[in-house]
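Engineer: sequence and predicted structure, then a few things I'm wondering about:
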Amino acid sequence: MTTSRLGEPSRRPGERGDLLNPLCPTRQLLDRIGTKWTSMTIKVLAEQAPDELRFAELRRRVSGISQKMLSVTLQSLVRDGLVARRVDPTVPPAVHYRLTELGLSLEGPLSALRVWAETHMPEIDRSNQLANESPHD
């Protein structure tokens, strides 16, 4: 990885990033897309694809998310080009969201991670139970 004039990392075409470096663009992207709210938002939008969902409907479907967190999550996804945002000029404005092709391509890997978690949850639960039962140092 090289460093640009502004001190931000840049890569030559084909060069891999260094995930251990906090300035690595790939690490920064993984930090953004690796949150539970991003995963849930992508899943809900993928289920609706290619159609759009309004903000209020998204909030209803993503159980437990606050209005502010959904707004922050969607802003990040729009900025990264994973979600498209459309505003109807009504009062109040109706805001619609849908996955872009790039966003749809992320659903597969996130789905695989969800399947892995569901498959291995019993093992993780057992491990946690054993850790809770054993004396702590």
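Structural biologist: All right, it came through fine.
Engineer: please pull out the lowest mean pLDDT helix or strand from this protein.
Structural biologist: When the helices and strands of the chain are scored by mean pLDDT, DSSP states H and E, strand 2-3 comes last with a mean of 42.
Engineer: doesn't residue 96 make contact with residue 58?
Structural biologist: No - using CB atoms under 8 Å, residue 58 makes no contact with residue 96, being 9.6 Å away. C-beta coordinates here come from the backbone N, C-alpha and C atoms, glycine included.
Engineer: counting neighbours, go ahead and name the busier of those two.
Structural biologist: residue 58 (22 against 16; other CB atoms under 10 Å).
Engineer: distance of that one from residue 77?
Structural biologist: 11 Å (CB to CB, to the nearest Å).
Engineer: ditto for residue 122
Structural biologist: In terms of CB to CB, residue 122 sits 32 Å off from residue 77.
Engineer: same check on residue 99?
Structural biologist: Here the criterion is CB to CB. By it, residue 99 lies 9 Å from residue 77.
Engineer: shared neighbours of these two, anything?
Structural biologist: 42, 83 (CB atoms under 8 Å, 6 or more residues apart in numbering).
Engineer: who touches both of residue 58 and residue 77?
Structural biologist: residue 41.
Engineer: neighbour count: residue 122 and residue 77, which is higher?
Structural biologist: With neighbours defined as other CB under 10 Å, residue 122 and residue 77 compare such that residue 77 has more, 26 against 9.
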